[in-house]
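# okay, here's the prediction I keep looking at, along with the sequence it came from:
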Amino acid sequence: MGRTTFLGEFEELILTMVLILEDDAYGNTVVKAIKNHQNREVNLSSVHITMYRLEEKGFLKSYMAGATRKRGGRKKRYFKVTNAGLALLREMKNSRISLWKLTPQLNFNL
Amino acid sequence: MRRARPPQLFVCFFKWYCRSGLRETILGDLEEQFEDDLELYGRRKARRRFAWTVIRFFRPGIIKTYSTTQNNNTSGMIESDFKTTLRIIKKEKLYTGINVLGLTSGFSIALLILSYVYFEFSYEDYNLKARRMARITIDYLDGETLIDQDCESYHLLGPMMKEEFPEVVEYVRAYGMDDAVLRIEEESFRAARVYAVDQNFFELFNYPLIKGNSQTALTKSLEVVLTESAAMKYFGTLDVLGETPWVSVAGREMKVVGVVKDSPANTHLKFDLLMSYSTMQNTLDQRNSPWDSNDTYTYLLLNDAALMPQLEASVDRLSKRLIDNDTIE
């Protein structure tokens, strides 16, 4: 694995969240999703920074749309997972599962 | 009720530092979060969270960079020059070595020369009277040709010139001896730089006495003044007033009447031991003629440094008269 294809824990979390949110992934919804699914408070700025970084690495792509009155008529920057991002997430999941298979199996009958 | 707004100070701050491409969407997210927080936590905490998030956004990647605000072409050129330089240094190790070596040795030698010249120019600058002082030197002539020069002159010249020349305020003489041996109890010491001087030596050359009275020191025969380091070397203490070492040049015991500060490195007249001029008077008086031998440095203090040309004229007149009278050859 090259250097850019290696993801940190937080990067992996954000990438997964964007995947879960499908067509509604932007700063605020990602923060809320992390809070709802993981019970974890993250700062909006960390989410933004990480998403820009993932976009730079080619795992996310973004487009601007969806201005609402609530946000002062300003557009949102929506993010979508790219094919490369999806492949990477899958690979990470598989490698984790294969590692789990190598751990000693727990025996509850002892 | 007025609708609560996010703190405008932080909005302005954000707009100021954020890159233009990111500004709209992030500000929208910030405001949306603020609206949610208003319902969840109330006005105060919502404003506080807004401010904190703006501060957290203040980081590289969000802040506008120099190059986006101003397209500065020279920075790229300098960067490229720097890279090329590094590559050449890597590739041409021998030439780099020669260049660096040459440059460093050049710099260090230039600095050495500079400090040496600076030191040379600083001579006598500790003495405020130095610009008004002159030393009498002698030119030996054979007919019209210059044979030799000497900076030691006749011991009678000082008093004569003070009396005759209106521009001369004061004279001081220093009769140099090669060295002297001091015997203190059973021990012997060698003093390398020994002079018999007139009493006003300390005043004209600006040497403060550490011990003893500069008004009375060296007024009588057989008195000596030691420098600080000489006193420490011979006696191991500065409390040497009244000590009576035996001194070879006088052939008898002399009385220590003072301790003077060491002469600085940037003076032409350095000494370890000074004695009263009258101590040597006997030796001088025993000569057939006072014009037999020139062996004393003579210094004159003028009213004003601008009177130097006048002094030169006076000296020329005096030497002509002395020659005409066959006093000197």
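Good, I have the coordinates.
# ok, and what's touching stretch A:34-52?
For stretch A:34-52, contacts defined as C-beta atoms under 8 Å, 6 or more residues apart in numbering or on different chains pick out A:10-11, A:13-14, A:17-18, A:20, A:27-28, A:30-31, A:60, A:62, A:79, B:22, B:26, B:29-30, B:33, B:52-53, B:56-57, B:59, B:61-62. The way it works is simple: take the backbone N, C-alpha and C, and place the C-beta from them, glycine included.
# scratch that, stretch B:199-215 is what I was asking about
Against stretch B:199-215 from outside (C-beta under 8 Å, 6+ apart): B:126-129, B:133, B:170, B:172, B:174, B:217-219, B:225, B:228, B:238-241, B:257-261, B:263, B:267, B:269, B:274, B:276-277, B:299, B:301.
# now with 6 Å, please.
The contact list for stretch B:199-215, computed with C-beta atoms under 6 Å, 6 or more residues apart in numbering or on different chains, reads B:127, B:172, B:218-219, B:241, B:257-261, B:301.
# ok, now stretch B:268-278?
Residues contacting stretch B:268-278 (C-beta under 6 Å, 6+ apart): B:191, B:193-198, B:218, B:221, B:223-227, B:230, B:263.
# could you redo the last one with a cut-off of 8 Å?
Stretch B:268-278 is contacted from outside by B:123-124, B:173-175, B:180, B:182, B:191-199, B:201, B:205, B:218-227, B:229-230, B:247, B:249-250, B:254, B:260, B:263, B:297, using C-beta under 8 Å, 6+ apart.
# likewise stretch B:82-91?
With C-beta under 8 Å, 6+ apart as the criterion, stretch B:82-91 contacts B:T96.
# quick revisit: which of the contacts of stretch B:268-278 are buried?
Neighbour-count burial (16 or more other C-beta atoms under 10 Å in any protein chain shown) applied to those gives B:124, B:173-175, B:180, B:182, B:191, B:193-199, B:201, B:205, B:218, B:221-227, B:230, B:247, B:249-250, B:254, B:260, B:263, B:297.
# list the contacts of B:K45.
B:D37.
# how about the one 4 residues further on?
When contacts are counted by C-beta under 8 Å, 6+ apart, B:R49 touches B:33-34, B:37, B:41.
# now do the phi/psi pair for the closest residue to chain B within chain A.
Nearest to chain B, among the residues of chain A, is A:R74, at 3.2 Å (C-beta to the nearest C-beta). Per-residue torsions, A:R74: phi -100, psi 150 (degrees, to the nearest 10).
# what number of residues lie near it?
Residues lying near A:R74 (other C-beta atoms under 10 Å in any protein chain shown) number 21.
# with adjacent residues omitted, what lies nearest to it?
Once flanking residues are discounted, A:R74 sits nearest to B:G28: 3.2 Å by C-beta to C-beta, 6 or more residues apart in numbering or on different chains.
# which helices and strands sit right next to whichever strand or helix holds the one you found?
Counting by DSSP states H and E, the element that carries B:G28 is helix B:20-41. Contacts defined by 3 or more C-beta pairs under 8 Å, 6 or more residues apart in numbering or on different chains; DSSP states H and E place helix B:20-41 against helix A:27-38, helix A:44-57, strand A:76-81, helix B:8-17, helix B:43-57.
# kindly recompute the last result at 7 Å.
Judged by 3 or more C-beta pairs under 7 Å, 6 or more residues apart in numbering or on different chains; DSSP states H and E, helix B:20-41 is in contact with helix A:27-38, helix A:44-57, strand A:76-81, helix B:43-57.
# give the buried residues for the longest one.
By that I understand helix B:43-57. Result for helix B:43-57 [16+ other C-beta under 10 Å]: buried residues B:46-47, B:49-51, B:53-54, B:57.
# can I get the residues you listed in CSV with pLDDT and distance to A:V42?
CSV is the format used below for these (pLDDT from 0 to 100; distance: C-beta to C-beta, whole Å):
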residue, pLDDT, distance to A:V42
B:A46, 92, 18
B:R47, 92, 20
B:R49, 93, 13
B:F50, 93, 16
B:A51, 93, 17
B:T53, 93, 11
B:V54, 93, 16
B:F57, 92, 13
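# of all the residues you listed, which comes closest to chain A?
Nearest to chain A, judged by C-beta to the nearest C-beta, of the buried residues of helix B:43-57 is B:F57 at 4.2 Å.
# now do the same contact list for that closest one.
The neighbours of B:F57, taking C-beta atoms under 7 Å, 6 or more residues apart in numbering or on different chains as the test, are A:45, B:14, B:26.
# three-state assignment of the spatially most central residue of chain A?
Centroid-nearest residue in chain A: A:L15, 1.8 Å away (criterion: C-alpha atoms, centre = their mean). When classified by DSSP: H, G, I helix; E, B strand; the rest coil, A:L15 comes out as helix.
# circling back to that earlier point, which of the contacts of stretch B:199-215 are buried? Put it as a ChimeraX command.
Selecting only the buried entries of those in ChimeraX, with 16+ other C-beta under 10 Å as the criterion:
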select /B:127,172,218,257,258,259,260,301
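# now, the contacts of stretch B:199-215 that are in strands?
Members of the contacts of stretch B:199-215 lying in strands (criterion: DSSP state E): B:172, B:257-260, B:301.
# between the residues you listed, which is nearest B:E79?
Using C-beta to C-beta, B:V260 comes nearest to B:E79 of the ones in strands among the contacts of stretch B:199-215, at 63.7 Å.
# that closest one bridge partners, please.
Counting by DSSP bridges, B:V260 forms beta bridges with B:L209, B:T227.
# what's the distance between it and B:V117?
Note on B:V260: its distance to B:V117, by C-beta to C-beta, to the nearest Å, is 29 Å.
# how far away from the center of its chain is the lengthiest helix in chain B?
Ranked by residue count, the top helix of chain B under DSSP state H comes out as helix B:93-121. Centroid separation between helix B:93-121 and its chain, computed with C-alpha atoms, centre = their mean, to the nearest Å, is 22 Å.
# and that helix, what does it pack against?
Judged by 3+ C-beta pairs under 7 Å, 6+ apart, helix B:93-121 is in contact with no other helix or strand.
# got a list of what residue 28 touches?
All of this is about chain A. A:N28 makes contact with B:29, B:32-33 under the criterion C-beta under 7 Å, 6+ apart.
# wrong one, chain B
A:71-72, A:74-76.
# with B:A192 instead?
Contacts of B:A192 (C-beta under 7 Å, 6+ apart): B:179, B:272.
# any idea how far it is from B:F271?
9 Å.
# likewise B:I147?
30 Å.
# and for B:Q215?
Taken as C-beta to C-beta, the span from B:Q215 to B:F271 is 20 Å.
# any low-confidence regions in chain A?
Residues of chain A meeting the criterion pLDDT under 70: A:1-5, A:106-110.
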